[in-house]
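**Q** turn this into a structure:
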Amino acid sequence: MRNEINEAHEADNYEGYSEDSSKKRKIVVPGEVIVSGEDYLPGDGARREGENVVASRFGLAEEAGRVVRVIPIFGAFVPRRGNVVIGRVVDITFYGWLVDIDSASSGFLPIEESPRFINKNEMDQFLSIGDVVAGKIWSVKAKGIDLTLKGKGLGKLEGGFIFRIIPARVPRVIGREGSMISMIKEKTGCNITVGQNGWIWVKGSSVDEEIRARKAIEFVAEKVHVNGLTEKVEAWFEEN
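**A** This next block holds a predicted model:
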């Protein structure tokens, strides 16, 4: 029905941090001068004041060539079309399921956005209250957020456990083109789904591996200001 929804905005889900050593990063506060000179261009979270590029928000300043931007370290989840989110079913209506995605507005999963035909009299057999799902946002409206389960890796999440990190740090955990989370999956053997809303699902062959994966993810989330993080995570795995 909507290939555009299933494929579009994948770049948004992996946008953010890179392990390119040519980029310099530092923590800045609003109004702080990041760089000086007409050669630099202010990007997201930065502005020009005379010859200086200053921060317009608290976060991690990054220089990528001539462009300087500030990546937020804290902040609430802002839903965007194409985001993958993890949520919990909180109600069932005649037309679909209400899903708490830790946002100001609840997510709504229409019955037609399930990956297979669902009889309206048997909706609770497919998803019941309390079930955890991974869905994709295909519409953000004033009245609410519409979700779909049509797509790779989407659907009910069974077993394992979920935990939360600060949503603004999700890109660091995912890494450029999924490099960081792929390494964590490989090192632990766990299935991991990362929601842009900060909720993460982990399921492994043992509780020990699940806990190891969680600790690795939290280690990454705490080191958002660190350069060469990939090497540090690899060293962490050798020690843990």
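**Q** how many residues are close by E239?
**A** Neighbourhood size, E239 [other C-beta atoms under 10 Å]: 5. C-beta coordinates here come from the backbone N, C-alpha and C atoms, glycine included.
**Q** and it, its phi and psi?
**A** Main-chain torsions, E239, degrees, to the nearest 10: phi -100, psi -10.
**Q** can you pull the contacts of it?
**A** Shown in contact with E239 (C-beta atoms under 8 Å, 6 or more residues apart in numbering): no residues.
**Q** that one and V233, how far apart?
**A** 11 Å (C-beta to C-beta, to the nearest Å).
**Q** domains in this protein, by residue range?
**A** Domain assignment for the chain, taken from automatic domain parsing, gives 10-72, 84-156, 161-239.
**Q** next one: the last one to chain centre, how far?
**A** By that I understand domain 161-239. Domain 161-239 sits 11 Å away from the centroid of its parent chain (C-alpha atoms, centre = their mean, to the nearest Å).
**Q** now do the same end-to-end measure for that domain.
**A** 24 Å (C-alpha to C-alpha, to the nearest Å).
**Q** pLDDT (mean, whole number) over it?
**A** The average pLDDT within domain 161-239 is 93.
**Q** contacting residues for V35?
**A** Neighbours of V35 in contact, by C-beta under 8 Å, 6+ apart: 52-53, 63, 68.
**Q** do I34 as well
**A** Taking C-beta under 8 Å, 6+ apart, one finds 26, 28, 46, 52-55, 61, 63, 68, 70 in contact with I34.
**Q** run the last query once more with 7 Å
**A** Applying C-beta atoms under 7 Å, 6 or more residues apart in numbering to I34 gives the contacts 28, 46, 53-55, 61, 68.
**Q** among those, which one has the most neighbours?
**A** V53 (26 neighbours).
**Q** report the beta-bridge partner residues of that one.
**A** Beta bridges link V53 to V35, R48 when assigned by DSSP bridges.
**Q** if I look at it, how far off is G195?
**A** From V53 over to G195 (counting by C-beta to C-beta), the distance is 32 Å.
**Q** try R48
**A** From R48 to G195 the distance is 35 Å (C-beta to C-beta).
**Q** higher neighbour count, the two?
**A** More neighbours surround G195 than the other of R48 and G195, with 24 against 13 (other C-beta under 10 Å).
**Q** relative to V28, how far out is the more buried one?
**A** G195 is 27 Å from V28, by C-beta to C-beta.
**Q** alright, calling it a day.
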